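Asker: Have a look; sequence and predicted model below, questions after that.
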Amino acid sequence: MDLQRENERLSQILNLEVELFQVKDLDILLERILSGARLFAKADAGSIYTKEKDVLHFKYTQNDTLQRRLEFGKKLIYSTFSIPINTRSIAGYVAFKSKIVNIEDAYKISQDRLYSFDNKFDKLSGYTTKSMLTLPLETSRNKLIGVLQLINAMDDNHEVISFSHEEEPFIKHFAISAANALERAQMTRAILLRMIKMIELHDPNETGAHVNRVGAYAAEIYETWALKRGIAPDEVNRQKDVLRMASMLHDIGKIAITDRILKKPAKLSDEEYFEMKLHTVLGAKVFEDTWSDFDEAAYEIALNHHEKWDGKGYPGHINPFTGEKDPRFLDHCGHTRGKQEEEIPLFARIVSVADVYDALSSKRSYKDPWPEEKVLNLIKEDSGKHFDPTVVEAFLSCIDVLRNIYHRYTD
C-alpha cells in the first residue's frame, strides 16, 4: 500500500472514530459501529456481538443485499441468540483467542481449523456468505467487549472479493476505538438502569426491560416518522441517539410518589389519582438544569408523555418548577387545559404511543397481556384523540421491528 493510500485510509478511520464518540446510546452505537466498519471495508453485510459473562450475545446485523429486497422504509428482522466463547464457532474462536480471522471462502474452511461456518442463515435467507473478516472488540486495556464480523467484501463492480490483509491493521485500530466507545456507552446505560432500579423499588412495573423496550420502540418510530418527511439521515441518527436514552426516563418522577399509591391493589381515589399525575411534573424537575440535548429531551418527555392529541391529557400548561398555570389556557373554573396537537413536543407524542403499546402488551401484576390485535385496534381508534395520527402511522409502519424488539428485551 503506497503512502498516499495509507494516509487516506487512516484519515477515514479517524473520521469514523470521531463519529463514534459523539454517540451516547449503547444500541445506536452498536449499529453505528457496524455500519462504519462495513463502509470502511466495503462489506455487503455484517454482525456485531457483545460479551456478557462467558457468552457472546448477537445484537445487530446489516445486509445490503437482503435490504434491497425489502420495500422502502422496512428493516431486516432477525432473531437474537447467544453463543459460547470457545473455538467451535468463528465468532467464539475470535473472542476466545483474541485474534483476527480473515476467511476467503466460508464454505472452504480447512478441515484442520478448530472453528467451522454455520450456514443455517444462508439456507433460510437465500444469501451466500463467502469472504469473512471477524475481529475482537477489545479496549485499549485489552478488555474484551464483543466481536465484529464483516461479510462479503465488494469490489467496484459489486462482485464479492476477499478482505484485504493489508488493511487489517486499520480495521483493528478502529475496533479498539469502537470497544472503548462501547465500554463508555455500557457505563451510561448501566447508570440509567440503576436509576430505573430506584423507581422499580417503588413501582414494580417500571422495569429495566420495560424502559429498554419503550426506548427502542421510540427510536424506531421516530426514524420511520422522520424518513417519511425527508429529514436528513445524519439528523435522524442524532435525534435517535438522544431519544433512545431520554425516553427510558419517562416515568422517573414516580420515585417521588408514595408506595401507598403506586402499590395500591384497588382503583385510586380522585385525590390519589391527582397525586399520581404529579409524577410528570416531578420528573421534569429532575432536569431543571439542562446541560445537553439529552437533558432537554428527558425534561420534555417526562413532563408531556401523558398529554393527549385532543387536549384531554395532563399536566397541561403549567410551569413544573413554580407550579404556575399559564393564564392563556385556563378554563372558567381556573383549571389549565391539557396541551394539544403540536403543542406537545414530538418526542413526548412518540413516547406516549410506545409506552401504551408496551404497557398493554406486557403482563402486569393486575392484568395479563392483551392480544396484539386488541392493542393495535385501541391505538388505531385513539389516533386523533389520544395519539398524534402521524405518529400512529409511523408506529404501524414499523410494527414488525417493534415485535422483534419486544422479544429482545424480555422481563
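Answerer: In hand now; what should we look at?
Asker: name the helices or strands packed onto the helix or strand hosting residue 59?
Answerer: According to DSSP states H and E, residue 59 maps onto strand 55-63. Packing partners of strand 55-63 (3 or more CB pairs under 8 Å, 6 or more residues apart in numbering; DSSP states H and E): helix 26-41, strand 43-52, strand 82-84, helix 90-97, strand 144-154. Just so you know, the C-beta spots here come from the backbone N, C-alpha and C atoms, and that holds for glycine as well.
Asker: With only the CA atoms kept, save that strand in PDB.
Answerer: Provided in PDB are the C-alpha atoms of strand 55-63 (Å, rounded to 0.1, in the frame of the first residue of the first chain):
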ATOM      1  CA  VAL A  55     -21.000 -15.900  26.100                       C
ATOM      2  CA  LEU A  56     -21.400 -13.600  23.100                       C
ATOM      3  CA  HIS A  57     -24.900 -12.100  22.500                       C
ATOM      4  CA  PHE A  58     -25.800 -11.500  18.900                       C
ATOM      5  CA  LYS A  59     -27.000  -7.800  18.800                       C
ATOM      6  CA  TYR A  60     -27.300  -6.400  15.300                       C
ATOM      7  CA  THR A  61     -27.000  -7.500  11.700                       C
ATOM      8  CA  GLN A  62     -26.900  -5.500   8.500                       C
ATOM      9  CA  ASN A  63     -27.100  -6.900   4.900                       C
END
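Asker: angle of that strand against helix 90-97?
Answerer: Put simply, strand 55-63 runs at 130 degrees to helix 90-97, going by axes from the mean of the first three to the mean of the last three CA atoms, to 10 degrees.
Asker: Could you list the paired strands of strand 55-63 along with their orientation?
Answerer: Paired neighbours of strand 55-63 in the sheet (DSSP bridges): strand 43-52 (antiparallel), strand 82-84 (antiparallel).
Asker: In the last one, which residues are buried?
Answerer: Burial within strand 82-84, assessed by neighbour count using 16 or more other CB atoms under 10 Å, is assigned to residue 83.
Asker: Any regions of this protein where pLDDT drops low?
Answerer: Across the chain, residues meeting the criterion (pLDDT under 70) sit at 1, 332, 334, 365-366.
Asker: Scan it for its longest helix.
Answerer: The longest helix of the chain (DSSP state H) is helix 168-202.
Asker: name the helices or strands packed onto it?
Answerer: Where contact means 3+ CB pairs under 8 Å, 6+ apart, helix 168-202 is packed against helix 3-20, helix 26-41, strand 132-138, strand 144-154, helix 208-228.
Asker: got the CA positions of the fourth one in CSV?
Answerer: Coordinates of each C-alpha in strand 144-154 appear next as CSV, following Å, rounded to 0.1, in the frame of the first residue of the first chain:
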residue,chain,number,x,y,z
LEU,A,144,-13.0,-7.9,25.5
ILE,A,145,-16.3,-6.1,24.8
GLY,A,146,-17.6,-8.1,21.9
VAL,A,147,-16.9,-9.3,18.3
LEU,A,148,-17.3,-7.6,15.0
GLN,A,149,-18.0,-9.8,11.9
LEU,A,150,-17.9,-8.4,8.4
ILE,A,151,-19.2,-10.4,5.4
ASN,A,152,-18.5,-10.3,1.7
ALA,A,153,-16.1,-7.6,0.7
MET,A,154,-17.3,-6.0,-2.5
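Asker: so how far is that strand off the chain centroid?
Answerer: 20 Å (CA atoms, centre = their mean, to the nearest Å).
Asker: List the pairing partners of it within its sheet, with orientation.
Answerer: Going by DSSP bridges, the partners of strand 144-154 are strand 43-52 (antiparallel), strand 132-138 (antiparallel), strand 160-161 (antiparallel).
Asker: between the ones you listed, which one is nearest to residue 401?
Answerer: strand 43-52 (17.0 Å; CB to CB).
Asker: mind listing what's buried in that closest one?
Answerer: So strand 43-52, judged by 16+ other CB under 10 Å, has buried residues 43-51.
Asker: For the stretch 251-400 of the chain, which segments count as helices?
Answerer: For the stretch 251-400 of the chain, the helices defined by DSSP state H, counting those that start in this stretch occupy 259-262, 270-277, 279-286, 293-304, 346-361, 372-381, 389-397, 399-408.
Asker: same for the fourth one, what does it pack against?
Answerer: Just to be clear, that refers to helix 293-304. Short answer (3+ CB pairs under 8 Å, 6+ apart): helix 293-304 packs on helix 233-246, helix 279-286, helix 346-361.
Asker: In TSV, list the helices and strands packed on helix 168-202 along with mean neighbour count and distance to residue 62.
Answerer: TSV is the format used below for these (neighbours: other CB atoms under 10 Å; distance: least, CB to CB, whole Å):
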stretch	mean neighbour count	distance to residue 62
helix 3-20	14	15
helix 26-41	21	6
strand 132-138	25	14
strand 144-154	24	9
helix 208-228	23	14
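Asker: Make a markdown table from the ones you listed and add distance to residue 390 to it.
Answerer: A markdown table is the format used below for the helices and strands packed on helix 168-202 (distance: least, CB to CB, whole Å):
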| stretch | distance to residue 390 |
| --- | --- |
| helix 3-20 | 29 |
| helix 26-41 | 23 |
| strand 132-138 | 38 |
| strand 144-154 | 36 |
| helix 208-228 | 6 |
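Asker: re earlier: for the strands paired with strand 144-154, which one sits closest to residue 23?
Answerer: Residue 23 lies closest to strand 43-52 among those, at 13.7 Å (CB to CB).
Asker: That closest one to helix 168-202, inter-axis angle?
Answerer: Using the same axes, to 10 degrees, strand 43-52 lies at 50 degrees relative to helix 168-202.
Asker: Is residue 62 in contact with residue 35, as I believe?
Answerer: Yes - counting by CB atoms under 8 Å, residue 62 does reach residue 35; the two are 6.3 Å apart.
Asker: re earlier: can you tell me which of the helices and strands packed on helix 168-202 comes nearest to residue 320?
Answerer: helix 208-228 (20.9 Å).
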